[in-house]
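Enquirer: Sequence first, predicted coordinates after that:
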Amino acid sequence: MTAKSETADREDKLILAGQEFTSRIIIGTGKYESGQVLVDSCRSCGAQIATMAIRRVDSERHTDEIVPPLKDLCITFMPNTSGARDVREAVFAARLAREALGTDWVKVEIHPDVRYLLPDPVETYEACKILCKEGFKVFPYINADPVLARRLEELGVQAVMPLGAPIGSAQGLKTRAMLEIIISQSKVPVIVDAGIGAPSEAAQAFELGADAVMVNTAIAAASDPVMMSEAFALACQAGRLAYRAGLASRSQSARASSPLEAFLDEAMQ
Amino acid sequence: MEIYVNGKARQLERPLSLRDFLRAEQHPEEGCAVAVAEQIIPRTDWDKLELKEGMRIEIFTMVAGGSR
């Protein structure tokens, strides 16, 4: 990267709930083979935000502790309500996470259908209403529905997190047209969440004008997660720079890049 | 004395506060939340809450993931 774009990059901050971030990748922490690989992957892409779930302790199953190592990396925690099937469970999960982590940030995820894990818009809206009133900084995971995004914005959510495709499906930005409408209308940051399977798809999200992306499976399930994490960081940077630089408009017909006709005319004389 | 932790019966030899119990279990306090009858017990009350016969406590912890 040139010195000039590095300077521009430093000035280009993501602001979520009043906090400034230089990284625009939010890391989902599931599916990593160990806590160490997760930490190394976060470091590799320079992530400053990570999301995680809250569960009942299972004394018979060992799970790596993830809070202390991520805290050491100065990661901002965005606990999620995954596993919640309705408003009541989501609100309870949010309150538990606030107590567990001492943060008022919460990513509201309510997906009762386990096959597609698509977010339930009605339950999500109602949960966001309660949590916003309770002073939470709310980040709802939603289908790419521009009307719902606006309604949530009116409630006072801090950002919207529309999906590109079903969770973990690595299908890319299947909802592209709707994402474009959400981005064009939104007054709060838009975080493209779920479905991003390759760095090029993260770059596409930024070229559309997304403020951030959320990535989990694409990194965690790669053969080399740490290297893939770096690939995502580079792609996000490229996509964001391209968006800020302003992409040239598309055209059905060719546009010559040099005045060919004039050259030929002169040669024939 | 018998209490229930996440649905499983546990015997306690002596009365304990919630915090003492968590320490005895070597349960990390960071990233942990506790509820009794769906009421979340604030961390600041962990010393005050004495575990009583038949009490059902639920211990939660932050874990990797979500569903992505």
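Expert: Great, that's in hand.

Enquirer: Show me which residues of the stretch 51-200 of chain A sit near chain B.
Expert: A:51-59, A:63-68, A:71, A:77, A:79-80, A:82-83, A:92, A:95-97, A:99-101, A:107, A:109, A:111, A:117, A:167-168, A:193-194 (Cβ under 8 Å from any Cβ of the partner chain). Heads up, the C-betas are built off the backbone N, CA and C, glycines and all.

Enquirer: neighbours around the residue in the stretch 101-250 of chain A positioned nearest to chain B, how many?
Expert: Closest to chain B within the stretch 101-250 of chain A is residue A:216: 3.4 Å, counting by Cβ to the nearest Cβ. For residue A:216, the count of nearby residues is 26 (other Cβ atoms under 10 Å in any protein chain shown).

Enquirer: end-to-end on stretch A:107-125?
Expert: Start-to-end span of stretch A:107-125 (Cα to Cα, to the nearest Å) is 12 Å.

Enquirer: contacting residues around that stretch?
Expert: Applying Cβ atoms under 8 Å, 6 or more residues apart in numbering or on different chains, the contact partners of stretch A:107-125 are A:51, A:78-82, A:84-87, A:89-90, A:94, A:127-128, A:131, A:138-143, A:145, A:148, A:151-152, A:155, A:161, A:163, A:166-168, B:66-67.

Enquirer: Kindly give a single ChimeraX line that selects the buried subset of these.
Expert: Of these, the buried ones can be selected in ChimeraX as follows, counting by 16 or more other Cβ atoms under 10 Å in any protein chain shown:
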select /A:51,78,79,80,81,82,84,87,89,90,94,127,128,131,138,139,140,141,142,143,145,148,151,152,161,163,166,167,168 /B:66,67
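
Enquirer: Now chain A against chain B: closest residue?
Expert: residue A:30 (3.0 Å).

Enquirer: Identify the residues contacting the nearest residue to residue B:53 once chain neighbours are set aside.
Expert: Take residue B:53 and drop its neighbours on the chain: the residue closest to it by Cβ to Cβ, 6 or more residues apart in numbering or on different chains is residue B:1, 5.1 Å away. By Cβ under 8 Å, 6+ apart, the residues touching residue B:1 are B:11-15, B:51-53.

Enquirer: got the end-to-end distance for stretch B:48-62?
Expert: 24 Å.

Enquirer: cool, stretch B:8-19 as well?
Expert: With Cα to Cα as the measure, stretch B:8-19 spans 19 Å from end to end.

Enquirer: List the contacts of that stretch.
Expert: A:59, B:1-4, B:21, B:24, B:29, B:34, B:41, B:45-51, B:57.

Enquirer: that older thread, mind checking which of the contacts of stretch A:107-125 land in strands?
Expert: Within those, residues falling in strands by DSSP state E are A:51, A:78-79, A:138-142, A:161.

Enquirer: which pair in these spans the largest distance?
Expert: A:79 and A:142 (17.5 Å; Cβ to Cβ).

Enquirer: got a list of contacts for the longest helix seen in chain A?
Expert: The helix spanning the most residues in chain A, taking DSSP state H as the definition, is helix A:225-245. Residues outside helix A:225-245 that contact it (Cβ under 8 Å, 6+ apart) are A:1, A:5, A:8-9, A:12, A:23-25, A:32-33, A:37, A:40-42, A:44-47, A:199-200, A:202-209, A:213, A:215, A:218-219, A:222.

Enquirer: Emit the ChimeraX select command for whichever of those residues are buried.
Expert: A single ChimeraX command suffices to select whichever of the contacts of helix A:225-245 are buried according to 16+ other Cβ under 10 Å:
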select /A:23,24,25,32,37,41,42,44,45,46,47,199,202,203,204,205,206,207,208,209,213,215,218,219,222
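
Enquirer: Need the residues that contact stretch A:78-90.
Expert: A:26, A:49-55, A:92-94, A:97-98, A:100-101, A:103, A:105-112, A:120, A:123-124, A:126-127, A:130, A:139, A:141, B:62, B:65-67.

Enquirer: Go ahead and confirm the residue of the stretch 101-250 of chain A closest to chain B touches residue A:27.
Expert: Yes. Between residue A:216 and residue A:27 there is a contact at 7.0 Å, judged by Cβ atoms under 8 Å.

Enquirer: Can you list phi and psi of residue A:168 for me?
Expert: Backbone torsions of residue A:168, given as degrees, to the nearest 10, read phi 70, psi 10.

Enquirer: in chain A, which helix or strand is least confident?
Expert: helix A:3-11 (a mean of 59; mean pLDDT, DSSP states H and E).

Enquirer: Out of the contacts of residue B:1, which sit inside helices?
Expert: Residues of the contacts of residue B:1 located in helices (DSSP H): none.

Enquirer: Where does chain B get nearest to chain A, which residue?
Expert: Distances between chain B and chain A by Cβ to the nearest Cβ are smallest at residue B:65, namely 3.0 Å.
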